[in-house]
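K.L.:
Any chance you can model this:
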Amino acid sequence: MSDGDLRQLLLTKRVIVLCGAGGVGKTTTAAALGVAAARAGRKVLVLTIDPARRLAETMGLQESGTKPTPVPPERLFPHEPPGPGRLDVWMLDPRAVFERMVFRLAPSPDAARAIVEHRLYRFLSELVAGVQEYAAAEALDAFLSEHRYELILLDTPPSRHALDFLDAPGRLARFLDDRIVSLFAPERHARSGRLWHGAQAVVDRVLSGVFGTHFTHELRGFIGAFGGLFAGMRLHTERLRSRLASPDAGFLLVTSPETTSLHEAAWFREALAARGLPFAGYVLNRSWAHDDVLTAPEALLEHAKGDRHAESAVKALSRMATAEQSRSAAHLALLHRLAEHLPPGALAVAAPDTGAELEEFSGLVRLGDALSAG
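P.N.:
Numbering: from 1, shown residues only. Below is the predicted model of the structure:
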């Protein structure tokens with residue numbers, strides 16, 4: 001359907017980010033592509049935000065898991081000897097991600113423990129736990145740095161803020177560093193100047209008057225300990241941007257034939273271009289853009305002559321076939337329009353509506369095989 005090859009994309013990229021409107025099947029597509037890449041021999045991680053319960057059960061995902069869940073080889077290779085590929089799946093747990101970040105960026109394990117064991121840490125981690133974009137950025141950067149996986153597929157939040165995960169760590173670090181640490185932290189973290197010291201003294205009096213001297217001292221100590229992480233947070237924000245703008249990354253836009261979904265896909269493509277991020281192509285999900293539609297059943301009329309009920313059934317089948325062929329033609333035309341003006345190497349592929357097939361993991365295997373076959 002285009003110059004690109006989805007199987008080649010799965011075999012050569014290090015990270016694939018899936019974007020699109022809500023309800024278009026991004027999570028299912030990410031899971032199916034992960035299955036296909038693992039069956040092709042790669043060590044794969046699928047990072048998902050909040051999969052539907054049915055899909056989570058199909059993939060064997062654990063709720064609130066603190067680490068990725070491995071998919072058993074016998075499920076990946078149901079009718080063949082297991083290959084070298086491996087598939088892990090993780091539903092992002094922002095609190096676990098945040099704790100991993102503390103231990104990764106703190107100057108020592110003791111310093112990290114001092115932060116996570118502080119009673120104020122729970123409040124801060126719960127505050128960050130509501131920011132899916134931050135968790136996605138931190139988790140993706142951490143796994144890329146570990147080199148444990150050859151391919152990571154990231155399922156982004158279903159909104160126009162999906163690309164905000166590129167900015168979330170930097171925003172958090174700048175906010176805490178510039179506005180909180182300097183005002184609330186111990187003096188060694190504060191800015192110089194009489195005006196700023198005066199402002200810090202005012203904040204100190206207010207906090208002490210409201211919360212008491214002991215809590216104010218405890219808060220200053222905690223923010224002071226946290227202050228050492230901010231430089232690392234900003235650094236890994238720039239590193240992640242660089243990685244996602246490199247040829248090792250690709251952004252796939254998942255859409256459905258619905259008009260609103262197509263508009264969202266067009267918006268995402270413009271947003272990727274504005275950020276200088278590599279556009280890998282489209283996946284037209286839940287489509288009838290395929291050739292195996294019902295053939296015209298009129299030939300059956302010859303065998304139904306004289307049987308009024310049989311003739312009525314054949315005519316009903318004919319109406320169904322006509323509607324299906326019309327929908328298939330419309331979706332094929334849409335796929336051709338998506339394939340127009342693609343950059344070199346980008347693709348436009350169709351994925352069928354799997355429906356109840358995803359009750360079983362074998363449905364993901366079949367969908368992954370169909371997608372990777374183009």
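K.L.:
Strands of the chain, start to end?
P.N.:
Listed from the start of the chain, the chain has strands (DSSP state E) covering 15-19, 43-48, 69-70, 86-91, 151-155, 249-255, 279-287, 347-352.
K.L.:
Can you check which of these gets nearest to residue 139?
P.N.:
Nearest to residue 139 among the strands of the chain is strand 43-48 (5.9 Å), distances taken as Cβ to Cβ. The C-beta positions use only the backbone N, C-alpha and C, and glycine is treated the same way.
K.L.:
Can you pull the poorly scored residue ranges out of the stretch 201-350 of the chain?
P.N.:
Counting by pLDDT under 70, the ranges of the stretch 201-350 of the chain that qualify are 201-236, 290-306, 311.
K.L.:
the helices in it, which residues?
P.N.:
Taking DSSP state H, counting those that start in this stretch, the helices of the stretch 201-350 of the chain run over residues 213-227, 230-244, 259-275, 308-339.
K.L.:
go on, the stretch 51-200 of the chain?
P.N.:
For the stretch 51-200 of the chain, the helices defined by DSSP H, counting those that start in this stretch occupy 53-59, 73-76, 94-105, 109-116, 119-129, 132-146, 168-175, 182-184, 194-211.
K.L.:
Take the strands of the chain and write them to TSV, including mean neighbour count.
P.N.:
Conversion of the strands of the chain to TSV gives the following (neighbours: other Cβ atoms under 10 Å):
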stretch	mean neighbour count
strand 15-19	25
strand 43-48	25
strand 69-70	14
strand 86-91	22
strand 151-155	26
strand 249-255	26
strand 279-287	24
strand 347-352	22
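K.L.:
Now tabulate those in TSV and tack on distance to residue 366.
P.N.:
Converted to TSV, the strands of the chain look like this (distance: least, Cβ to Cβ, whole Å):
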stretch	distance to residue 366
strand 15-19	19
strand 43-48	17
strand 69-70	21
strand 86-91	15
strand 151-155	18
strand 249-255	18
strand 279-287	15
strand 347-352	10
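K.L.:
out of these, which comes closest to residue 314?
P.N.:
Judged by Cβ to Cβ, the one of the strands of the chain that comes nearest to residue 314 is strand 347-352, at 26.0 Å.
K.L.:
got the angle between that closest one and helix 308-339?
P.N.:
Here the directions of strand 347-352 and helix 308-339 differ by 160 degrees (axes from the mean of the first three to the mean of the last three Cα atoms, to 10 degrees).
K.L.:
separation between residue 273 and residue 16?
P.N.:
With distances defined as Cβ to Cβ, to the nearest Å, the gap from residue 273 to residue 16 amounts to 18 Å.
K.L.:
Hmm, I typed the wrong one, I wanted residue 241.
P.N.:
Going from residue 241 to residue 16 by Cβ to Cβ gives 17 Å.
K.L.:
Which one, of the helices of the stretch 201-350 of the chain, ends up nearest to residue 27?
P.N.:
Residue 27 sits nearest to helix 259-275 of all the helices of the stretch 201-350 of the chain, at 14.7 Å, using Cβ to Cβ.
K.L.:
so where is the stretch 51-200 of the chain shaky, pLDDT-wise?
P.N.:
62-65, 119-120, 122-134, 159-161, 164-200.
K.L.:
if we can go back for a sec, ok, which of the strands of the chain comes nearest residue 361?
P.N.:
strand 86-91 (10.5 Å).
K.L.:
Keeping just the C-alphas, turn that closest one into CSV.
P.N.:
Backbone C-alpha positions of strand 86-91 (Å, rounded to 0.1, in the frame of the first residue of the first chain) are rendered in CSV as follows:
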residue,chain,number,x,y,z
ARG,A,86,10.5,-12.4,23.8
LEU,A,87,7.6,-10.2,24.7
ASP,A,88,7.1,-8.3,27.9
VAL,A,89,4.1,-6.0,28.6
TRP,A,90,3.7,-3.4,31.3
MET,A,91,0.8,-1.2,32.2
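K.L.:
Give the other helices and strands that it contacts.
P.N.:
In this structure, strand 86-91 makes packing contacts with helix 26-39, strand 43-48, strand 69-70, judged by 3 or more Cβ pairs under 8 Å, 6 or more residues apart in numbering; DSSP states H and E.
K.L.:
What strands line up against it, and which way round?
P.N.:
Partners of strand 86-91 in the sheet, by DSSP bridges, are strand 43-48 (parallel), strand 69-70 (antiparallel).
K.L.:
out of those, nearest to residue 257?
P.N.:
Within those, the stretch nearest residue 257 is strand 43-48; the backing value is 23.6 Å (Cβ to Cβ).
K.L.:
residues in contact with that closest one?
P.N.:
Contacts of strand 43-48 from elsewhere in the structure, counted by Cβ atoms under 8 Å, 6 or more residues apart in numbering, are 27, 30-31, 34, 37-38, 59, 61, 68, 85-92, 136, 139-140, 143, 148-155.
K.L.:
That strand versus helix 26-39: what angle between them?
P.N.:
170 degrees.
K.L.:
dump the residue contacts of residue 29.
P.N.:
Shown in contact with residue 29 (Cβ under 8 Å, 6+ apart): 18, 252, 254, 283, 285, 351, 371.
K.L.:
Which one of those residues is nearest to residue 269?
P.N.:
After measuring the contacts of residue 29 against residue 269 - Cβ to Cβ - the closest member comes out as residue 252, at 11.0 Å.
K.L.:
partner residues bridging that closest one?
P.N.:
Under the criterion DSSP bridges, residue 252 forms beta bridges with residue 18, residue 281.
K.L.:
For it, give its distance to residue 118.
P.N.:
For residue 252, the distance to residue 118 equals 41 Å [Cβ to Cβ].
K.L.:
got it, and residue 261?
P.N.:
Relative to residue 118, residue 261 is positioned 45 Å away (criterion: Cβ to Cβ).
K.L.:
which one of those two has more residues nearby?
P.N.:
Neighbour tally, residue 261 and residue 118, criterion other Cβ atoms under 10 Å: the higher count belongs to residue 261, 22 against 17.
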